[in-house]
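A.B. asks: need a 3D model of the following:
(chains A and B)
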Amino acid sequence: NAGVTQTPKFRILKIGQSMTLQCTQDMNHNYMYWYRQDPGMGLKLIYYSVGAGITDKGEVPNGYNVSRSTTEDFPLRLELAAPSQTSVYFCASSYSRRDEAFFGQGTRLTVV
Amino acid sequence: DQQVKQNSPSLSVQEGRISILNCDYTNSMFDYFLWYKKYPAEGPTFLISISSIKDKNEDGRFTVFLNKSAKHLSLHIVPSQPGDSAVYFCAASSNNDMRFGAGTRLTVKP
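C.D. replies: All right, here's what the predicted structure looks like:
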């Protein structure tokens, strides 16, 4: 019962570096999401996908890119890391946009 | 724009008493509401939900109440237990959107 698996759990990046946050789900969900959580704030949607090959922007997409080549995988790419991207990132999946989402354990990213 | 608001950042209650967590929303298109619970260093996990056609949904110690006219929902935990200590997020959804509140940190004291 893996559910949603995110890697890595922690990462420190220097300004201007790039990285990919990996996300895999084994529940055959069509919907997948990337959220970020800043201290004292709720979850903000970065990007989401309604199925393989289809992605769309959320509330805070700037500085990020995604792809969805398979149902299982939804990687999040940071091209030029900035201190404002220091946050905890959560990947999630769900059966539909409305239903309960299943979250990964999160990635704590620090950009210095 | 904060479409979902949890105005209490924290709440402390005694074990065995009732915990009441509140949530307000502004968008009348939201028709499905969820509560998630989050422990430190873990992702949020689904707790309970309610559709807009209902005003109450109960699951064991957890009950969610919805007041559509006031655009307000609340989560009641009775009796509260120390293991309930966590951050609780309210979420509101429609067909193509879901928004989260900022969360309320609940501490249940033994």
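A.B. asks: tell me the residues of chain B that contact chain A?
C.D. replies: B:4, B:6, B:9, B:32, B:34, B:36, B:41-46, B:49, B:89, B:93-103 (C-beta under 8 Å from any C-beta of the partner chain). Glycine gets a C-beta too; all of them are placed from N, C-alpha and C.
A.B. asks: which of these fall in strands?
C.D. replies: Assigned to strands by DSSP state E, the following of these qualify: B:4, B:32, B:34, B:36, B:45-46, B:49, B:89, B:93-94, B:97-100.
A.B. asks: before we move on, what SS does residue B:79 have?
C.D. replies: In terms of secondary structure, residue B:79 is coil; the call rests on DSSP: H, G, I helix; E, B strand; the rest coil.
A.B. asks: tally of neighbours for the closest residue to it other than its chain neighbours?
C.D. replies: Distances taken as C-beta to C-beta, 6 or more residues apart in numbering or on different chains place residue B:16 nearest to residue B:79, at 4.6 Å, with adjacent residues excluded. Using other C-beta atoms under 10 Å in any protein chain shown, residue B:16 has 11 other residues around it.
A.B. asks: hmm, back to that, please check the ones in strands among the residues of chain B next to chain A and keep the buried ones.
C.D. replies: Neighbour-count burial (16 or more other C-beta atoms under 10 Å in any protein chain shown) applied to those gives B:4, B:32, B:34, B:36, B:46, B:49, B:89, B:93-94, B:97-100.
A.B. asks: what residue ranges in chain A score low on pLDDT?
C.D. replies: With pLDDT under 70 as the threshold, chain A has low-confidence stretches at A:1.
A.B. asks: what sits opposite the residue of it found nearest chain B in the beta ladder?
C.D. replies: Taking C-beta to the nearest C-beta as the measure, the point where chain A comes nearest chain B is residue A:103, at 3.2 Å. Taking DSSP bridges, one obtains residue A:92 as the residues bridged to residue A:103.
A.B. asks: quick one: classify the residue nearest to residue B:79 as helix, strand or coil.
C.D. replies: Look at residue B:16: counting by three-state DSSP, its state is coil.
A.B. asks: let me see the confidence value for it.
C.D. replies: At residue B:16, the predicted lDDT confidence score is 97.
A.B. asks: separation between it and chain A?
C.D. replies: Relative to chain A, residue B:16 is positioned 29 Å away (criterion: C-beta to the nearest C-beta, to the nearest Å).
A.B. asks: contact residues of chain A facing chain B?
C.D. replies: Residues of chain A that fall close to chain B, judged by C-beta under 8 Å from any C-beta: A:4, A:35, A:40-45, A:90, A:92, A:97-98, A:100-106.
A.B. asks: try 7 Å
C.D. replies: Residues of chain A lying close to chain B (C-beta under 7 Å from any C-beta of the partner chain) are A:40, A:41, A:42, A:43, A:90, A:97, A:98, A:100, A:103, A:104, A:105, A:106.
A.B. asks: where exactly do the strands run in chain A?
C.D. replies: Using DSSP E, the strands assigned to chain A run over residues A:4-7, A:10-13, A:19-25, A:31-37, A:43-51, A:54-57, A:64-66, A:76-78, A:87-94, A:102-103, A:107-111.
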